[in-house]
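Peer 1: Need coordinates for the following:
(2 chains, ligands or ions: 2)
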Number of protein chains: 2
Amino acid sequence: TKPMFKRLSLIGIGLIGSSISHAVRRAGIAGDIVGCAVAPETRRRAEELGLVRKAYADPPEAVKGADLVILCTPVGAYKKIAEAIGPHLEQGAIVSDVGSVKAAPVQDIAPHMPEGVHFIAGHPIAGTEQSGPDAGFAELFDGRWCILTPGADADPAAVAKLEDFWRKLGSNVEIMSPEHHDMVLAITSHVPHLIAYNIVNTAEHLERVTDSEVIKFSAGGFRDFTRIAASDPVMWRDVFLNNKDAVLEMLGRFSEDLITLQRAIRFGDGATLERLFTEARAIRRGIIQAGQDTAQPDFGRSPARAKDGSK
Amino acid sequence: TKPMFKRLSLIGIGLIGSSISHAVRRAGIAGDIVGCAVAPETRRRAEELGLVRKAYADPPEAVKGADLVILCTPVGAYKKIAEAIGPHLEQGAIVSDVGSVKAAPVQDIAPHMPEGVHFIAGHPIAGTEQSGPDAGFAELFDGRWCILTPGADADPAAVAKLEDFWRKLGSNVEIMSPEHHDMVLAITSHVPHLIAYNIVNTAEHLERVTDSEVIKFSAGGFRDFTRIAASDPVMWRDVFLNNKDAVLEMLGRFSEDLITLQRAIRFGDGATLERLFTEARAIRRGIIQAGQDTAQPDFGRSPARAKDGSK
Ligand SMILES: NC(=O)c1ccc[n+]([C@@H]2O[C@H](COP(=O)([O-])OP(=O)(O)OC[C@H]3O[C@@H](n4cnc5c(N)ncnc54)[C@H](OP(=O)(O)O)[C@@H]3O)[C@@H](O)[C@H]2O)c1
Ligand SMILES: NC(=O)c1ccc[n+]([C@@H]2O[C@H](COP(=O)([O-])OP(=O)(O)OC[C@H]3O[C@@H](n4cnc5c(N)ncnc54)[C@H](OP(=O)(O)O)[C@@H]3O)[C@@H](O)[C@H]2O)c1
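Peer 2: Ligands and ions are numbered 1, 2, ... in the order given. As a prediction, this is how the structure comes out:
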């Protein structure tokens, strides 16, 4: 039987690009997989691991003959890549991405897409704190959500095909506008990462508590924040530069709420503290019931690693 | 051979109390274990699970004949318990606790300890977000640190014996003052929990993002915060009421640092963002090297649960 796509091209072969390759091969839905990365070491490793048949240095070379192209680089690289590949895209090809922000990045890509090419932006809500071609695994998208943000004029058949693609990778699919996506992700992902990075830096700059004490006693809760704060700095820099408005709005609300807690602590208002802490538990229960986490430690973040215990 | 203690009394048999029982029995260092809890269901369950030979409703009954008494309740309950058990403690007994705050709680206990009883406060830096007598497991303290905060006049032999006790439970031991403990824990545990609770509440109160969206897309980072925010509200209320000064100081610094990041986002200062995100990674590496976490998902939080996959 004919595979769903004759050639998949992955622009960027890090955590997400390599996980897509694993999941696509598990599903058997691409006849050929090629890719593109900047560092020679990434290209060598991607071929060695069988993630791609061929890894190119040059994005235009990598998209030739591809009927599905997915940008898997930090979103700050989109504009240049879109400009470069535009003239080389095949008629009828679907171009998508996996970037953690949608509104601004879509504006960087869309103008460079030629007539007859279907650009449909996307974002799989799945990841770990690790990066690079060795970090990927086929199960990353299983049971997670992938958000697609097609434009008003997108071809329904192409959207349906891309939805089908993500379902075959194990995901559920939801359609929304780029702007709504950016607001939802600001609170569920971007601000959490920012405050995780921030508390690690606050801890690092204390005079009366040493770094070695912070490290030794991190099992009290801190280590869970450092895990998130170990994520790639360039990827996250680009996220914040590209989702400024929604992140600033959510940060404003976060700070207001934090001041309420701070006042309750200052004035010894135990009833308010207990009430607010109790409310937070309900959301946790919802997440477990929705299968997006379990009461088990850290379900679903990196099964491959968990199994062999390596790295 | 004679066990290290003839009778251990656990005042409170929740996550920490039950884990101590498991680890003490693994090490074979107590001739007898009794305990005390408020809810009849907790007492029934503690006996059924073999955590204690007998669970009493009344703290004074539970300390009779015990040469080691450990308070394992929220710290807000200490004062009443100390008052009640004081007259019933055995000469030469060691009294300790596991509370997450030390300076204020020590003041609640110390005045009620009779002559000839050795009071030495402690805090094992190990835990999970679960509570109750079913939540405990023997490995909780393995490779973790236990902080002891003996007063200046503490009996060195009693301190050495309690150190030895925690080492036999699998922990490393460090001695420091209650005030230093409270500052270190404010940044490594108390403020992290507070901001985790806070972001969950911020998310819950948004008008344009539904709770169901927050839950669905929580795999982007948010779910890691909800895990911490699922911890017991009463325990954490007591922590914040009892460690006000250090928590308020650390919160002030956290907010200052957050404003720096916020400004960098507002003005599109990518270099500052990337630099601060990169710095945060070094601390993560230190934690992994110190064996307080691994690159594996969520190492060491609940091996018992992870193994059988239940709950
Ligand atoms: N990490 C997550 O949890 C997560 C989750 C969902 C979505 N995302 C999104 O997925 C995208 C990739 O993230 P990731 O975690 O997979 O990052 P990653 O592991 O760091 O991989 C990024 C890849 O992009 C390549 N690249 C960078 N600039 C390029 C350019 N100008 N031309 C061609 N290739 C380039 C890199 O090549 P070299 O190796 O040669 O540098 C690398 O292969 C980002 O947009 C991110 O927002 C991430
Ligand atoms: N959870 C953690 O991660 C962690 C880590 C390190 C230290 N700690 C500290 O350990 C202590 C206990 O925490 P936990 O997580 O084990 O809590 P938990 O699972 O909620 O257990 C608390 C236990 O204390 C009992 N209790 C409460 N008030 C009492 C009273 N007035 N008299 C007698 N027993 C009473 C409870 O009895 P009922 O079941 O009958 O209500 C329950 O058995 C706290 O001080 C906390 O700060 C916790």
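
Peer 1: Spit out the contact partners of the residue lying closest to residue A:258 once chain neighbours are set aside.
Peer 2: Spatial nearest neighbour of residue A:258, excluding adjacent residues (Cβ to Cβ, 6 or more residues apart in numbering or on different chains): residue B:198 at 5.0 Å. For glycine as for every other residue, the C-beta is placed from the backbone atoms N, C-alpha and C. Taking Cβ atoms under 8 Å, 6 or more residues apart in numbering or on different chains, we find residue B:198 in contact with A:254, A:257-258, A:261.

Peer 1: can you redo these as TSV with secondary structure?
Peer 2: Shown next, in TSV, are those (DSSP: H, G, I helix; E, B strand; the rest coil):
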residue	secondary structure
A:254	helix
A:257	helix
A:258	helix
A:261	helix
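
Peer 1: near ligand 2, from those residues?
Peer 2: Of the residues in those, proximity to ligand 2 by Cβ under 6 Å from any ligand atom holds for none.

Peer 1: sorry, back to before: ok, so what distance separates the residue nearest to residue A:258 from residue A:243?
Peer 2: Computed as Cβ to Cβ, to the nearest Å, the residue B:198 to residue A:243 distance reads 20 Å.

Peer 1: With residue A:162 instead?
Peer 2: 22 Å.

Peer 1: So which of the two has more stuff around it?
Peer 2: More neighbours surround residue A:243 than the other of residue A:162 and residue A:243, with 27 against 24 (other Cβ atoms under 10 Å in any protein chain shown).

Peer 1: Pull the contacting residues for residue A:175.
Peer 2: Neighbours of residue A:175 in contact, by Cβ under 8 Å, 6+ apart: A:147-150, A:159, A:163.

Peer 1: Name the nearest of the residues you listed relative to ligand 1.
Peer 2: Ligand 1 lies nearest to residue A:147 out of the contacts of residue A:175, by Cβ to the nearest ligand atom, at 10.2 Å.

Peer 1: for that closest one, helix, strand, or coil?
Peer 2: With three-state DSSP as the basis, residue A:147 sits in strand.

Peer 1: got a list of what residue A:18 touches?
Peer 2: Counting by Cβ under 8 Å, 6+ apart, residue A:18 touches A:46, A:49, A:51, A:132-136.

Peer 1: Distance of the residue lying closest to it once chain neighbours are set aside relative to residue A:239?
Peer 2: Once flanking residues are discounted, residue A:18 sits nearest to residue A:136: 3.0 Å by Cβ to Cβ, 6+ apart. Taking Cβ to Cβ as the measure, residue A:136 falls 20 Å from residue A:239.

Peer 1: Report the contact partners of the residue in the stretch 1-150 of chain A positioned nearest to chain B.
Peer 2: The stretch 1-150 of chain A approaches chain B most closely through residue A:125 (4.8 Å), counting by Cβ to the nearest Cβ. Residues near residue A:125 by Cβ under 8 Å, 6+ apart: A:144-147, A:185, A:188-189, B:216-217, B:219-220.

Peer 1: can you confirm residue A:70 is in a helix?
Peer 2: No - going by three-state DSSP, the assignment for residue A:70 is strand, not a helix.

Peer 1: and it, what pLDDT?
Peer 2: Note for residue A:70: predicted pLDDT of 98.

Peer 1: Phi and psi next, for the residue nearest to it when sequence neighbours are not counted.
Peer 2: Spatial nearest neighbour of residue A:70, excluding adjacent residues (Cβ to Cβ, 6+ apart): residue A:96 at 5.1 Å. Phi and psi for residue A:96, reported as degrees, to the nearest 10, are phi -140, psi -180.

Peer 1: Pull the number of nearby residues for residue A:96.
Peer 2: 24.

Peer 1: quick one: average pLDDT of stretch A:291-304?
Peer 2: Here the average pLDDT along stretch A:291-304 is 53.

Peer 1: What residues does the stretch 51-200 of chain A have near ligand 2?
Peer 2: Residues of the stretch 51-200 of chain A lying near ligand 2 (Cβ under 6 Å from any ligand atom): none found.

Peer 1: and the residue of the stretch 51-200 of chain A found nearest ligand 1, what does it touch?
Peer 2: When scored by Cβ to the nearest ligand atom, the stretch 51-200 of chain A has residue A:127 as its residue closest to ligand 1, at 1.9 Å. When contacts are counted by Cβ under 8 Å, 6+ apart, residue A:127 touches A:15-16, A:140, A:231, B:219-220.
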